[in-house]
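Participant: next input, structure requested:
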Amino acid sequence: MLKAVEDISSTKKRLKIEIPTEAIEKQIKDSLEKVRQKARIPGFRPGKTPMNIIEKYYGKNAESEAIEKIIPEFYDKALKEAALVPVAQPALEGGIDFKRNSPLSLAFTLEVRPKIEKLNYANLKVKDVQVSVSDEEIEAALKRLQEGKATYEVAEKEIENGDLITVDYEITHEEKTSTSKDQALQVGTTLLPKEISESLIGKKAGDTVEVEAPFPDNFHVKALAGKKAKVKNTVKAVKKKNLPPIDDELAKDVGFENLEGLRTGAKEEIEKAKKNEVQKIQKDGILEELIKVHEFDVPESMLERELSIMIKEVKGAGKSDKDEETLRTELKPEAIKTGKAEVILSIIGEKEGVTVTDEELKEKIMDISQRLNMPPETLMKIYVQKDGSLDGLRNSLYGQKVMDLLLSRATVEKGE
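Facilitator: Residues are numbered from 1 along each chain as shown. Predicted coordinates:
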């Protein structure tokens, strides 16, 4: 039972509980009785061995099992009684001083979700944004589709932008040379330094060209990212791009009856994407307002978790070569905002009875795996490796559901 709650800070508490003697003894006796039913003691049938003999052989194990089971049970009861929501695992102070036929007193320090005084999320306002789709946007979408259906054929010609070529290359950087044969390159792509593409324009199969090129900071080969290197390309084959006509056949190839149906489908997809973007802007506005008008501290463990994620993402994407301490200082304000958003959405969701079912989680996994063209099992492994479980994805879906609820209740005002 709960004995006391001491404030260490607004987000850290000391929870003192006492587990009654009778509860502990009952748990021990239950454990011993289970053992008694299975134990094979010479001279006694299973289930008929006197309890004092069972206790002699198995008493210490039963005590350990009882304590292991009963502490979490009474800890959870105390949390509910104190109306506390932990945000990290608790720390047990002073260990466990257990004696038979005596109550067990325990003290935990734990970080908890802060309580927000007068949390108000009624009468939220968002701006309405009118969505329209121009003919130019539809044509651009059709051209992207056309590019996606392009084919290539070997041609005896000079290289032009958009051609697909096969090369043997040598890259020399810091007196180290690496080579590769039969590599496919698309000339003019943003994945290549423009100096390389420009050096290849006008060349033909059999030509060799050398150039010094600066590689972008986010280049996928980390050894070259942000560096200059000498590149020697020997052209082995040139393939010309063939674009299919934008007509009824192209439309049928992607599941439409005719070109007019394809145009209508393209317009609907663009309109849907724009409406989703409008909703994202509206939701961001709602969250910004809620964060601005409610002042509270973010638990240290939540802040540390957010900072670790942000720093890992920045470093992993090669977006900064700053040391970790500098990044922590720069990213801390954004991490605080993210932590506040998580707390606010958690409390609102709890008040509104928002839940994420296993079926909804499964549907989300299937949706993401289809968009990424990845088996669901592989996607789940990635989330488990990242967060240790699927809780990260479940929490993300929970936040989305709360934001959908808030947007559905918001007052829409006329906007541009």
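Participant: roughly how far does residue 60 sit from residue 212?
Facilitator: According to C-beta to C-beta, to the nearest Å, residue 60 stands 75 Å off from residue 212. Placement of C-beta: from N, CA and C, glycine included.
Participant: ok, now residue 313?
Facilitator: For residue 313, the distance to residue 212 equals 32 Å [C-beta to C-beta].
Participant: by mean pLDDT, which helix or strand of this protein comes out lowest?
Facilitator: helix 376-387 (a mean of 82; mean pLDDT, DSSP states H and E).
Participant: quick check: buried residues in that one?
Facilitator: By 16 or more other C-beta atoms under 10 Å, the buried positions in helix 376-387 come out as 379, 380, 383.
Participant: distance check, the closest residue to residue 158 other than its chain neighbours against residue 235.
Facilitator: Spatially, and ignoring its direct neighbours in sequence, residue 158 is nearest to residue 202 (5.1 Å; C-beta to C-beta, 6 or more residues apart in numbering). Plainly put, residue 202 is 11 Å away from residue 235 if you go by C-beta to C-beta.
Participant: okay, and the common contacts of the two?
Facilitator: Residues within reach of residue 202 and of residue 235 at once, by C-beta atoms under 8 Å, 6 or more residues apart in numbering, are residue 159.
Participant: which of these two has more neighbours?
Facilitator: Remark: of residue 202 and residue 235, residue 235 carries more neighbours, 19 against 11, as counted by other C-beta atoms under 10 Å.
Participant: A strand includes that one, no?
Facilitator: Yes. Residue 235: assigned to a strand according to DSSP: H, G, I helix; E, B strand; the rest coil.
Participant: looking at it, it is touching residue 201, isn't it?
Facilitator: No. With contact defined as C-beta atoms under 8 Å, residue 235 does not count as touching residue 201 (11.4 Å).
Participant: between the two, what contacts are shared?
Facilitator: Residues touching both residue 235 and residue 201 (C-beta under 8 Å, 6+ apart): residue 159.
Participant: give the other helices and strands that the least confident helix or strand of the chain contacts.
Facilitator: Under the contact criterion of 3 or more C-beta pairs under 8 Å, 6 or more residues apart in numbering; DSSP states H and E, helix 376-387 touches helix 358-371, helix 391-409.
Participant: excluding its backbone neighbours, what's nearest residue 63?
Facilitator: In space, and not counting its chain neighbours, residue 63 is closest to residue 28: 5.8 Å by C-beta to C-beta, 6+ apart.
Participant: CA atoms only: put the helix or strand containing that neighbour into CSV for me.
Facilitator: For residue 28, the enclosing helix or strand under DSSP states H and E is helix 21-38. The C-alpha trace of helix 21-38 is given here as CSV (Å, rounded to 0.1, in the frame of the first residue of the first chain):
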residue,chain,number,x,y,z
THR,A,21,2.8,-9.3,6.0
GLU,A,22,-0.3,-11.3,5.2
ALA,A,23,0.0,-10.5,1.4
ILE,A,24,3.6,-11.7,1.4
GLU,A,25,2.9,-14.9,3.4
LYS,A,26,-0.1,-15.7,1.2
GLN,A,27,2.1,-15.4,-1.9
ILE,A,28,4.8,-17.6,-0.3
LYS,A,29,2.2,-20.3,0.7
ASP,A,30,0.7,-20.3,-2.8
SER,A,31,4.2,-20.8,-4.3
LEU,A,32,4.9,-23.6,-1.9
GLU,A,33,1.6,-25.3,-2.6
LYS,A,34,2.3,-25.3,-6.3
VAL,A,35,5.7,-26.9,-5.6
ARG,A,36,4.0,-29.4,-3.2
GLN,A,37,1.7,-30.7,-6.0
LYS,A,38,4.7,-31.6,-8.2
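Participant: what's the first helix or strand after the lengthiest helix in the chain?
Facilitator: The longest helix of the chain (DSSP state H) is helix 259-293. Next helix or strand after helix 259-293 toward the C-terminus (DSSP H and E): helix 300-316.
Participant: contacts for that next one, please.
Facilitator: Contacts for helix 300-316 (C-beta under 8 Å, 6+ apart): 11-12, 87-88, 111, 320, 324, 327-328, 331-332, 334-336, 338-339, 342-343.
Participant: now, these that are in strands?
Facilitator: Counting by DSSP state E, the contacts of helix 300-316 place 12, 111 in strands.
Participant: the residue nearest to residue 158: what secondary structure?
Facilitator: coil.
Participant: could you check the pLDDT of it?
Facilitator: If you check residue 202, the pLDDT there is 94.
Participant: also the one 10 residues further on?
Facilitator: Reported pLDDT at residue 212 in the predicted model: 91.
Participant: check which helix or strand it maps to.
Facilitator: Assigned by DSSP H and E, residue 212 belongs to strand 208-214.
Participant: may I have the strands that pair with that strand, each with its orientation?
Facilitator: Here strand 208-214 has these sheet partners by DSSP bridges: strand 228-242 (antiparallel).
Participant: domains in this protein, as residue ranges please.
Facilitator: For the chain, automatic domain parsing gives the domain ranges 2-111, 151-242.
Participant: among those, which is nearest residue 291?
Facilitator: domain 2-111 (16.4 Å; C-beta to C-beta).
Participant: need the mean per-residue confidence for the closest one.
Facilitator: Averaging pLDDT along domain 2-111 gives 90.
Participant: how far does it stretch from one end to the other?
Facilitator: 17 Å (C-alpha to C-alpha, to the nearest Å).
Participant: same question, stretch 181-196
Facilitator: End-to-end for stretch 181-196, by C-alpha to C-alpha: 17 Å.
Participant: please flag which of the contacts of helix 300-316 sit within helices.
Facilitator: Mapping these onto helices (DSSP H) picks out 324, 327, 328, 331, 332, 334, 335, 336, 338, 339, 342, 343.
Participant: filter those residues down to the buried ones.
Facilitator: Buried, going by 16+ other C-beta under 10 Å: 327, 328, 331, 335, 336, 338, 339, 342, 343, out of the ones in helices among the contacts of helix 300-316.
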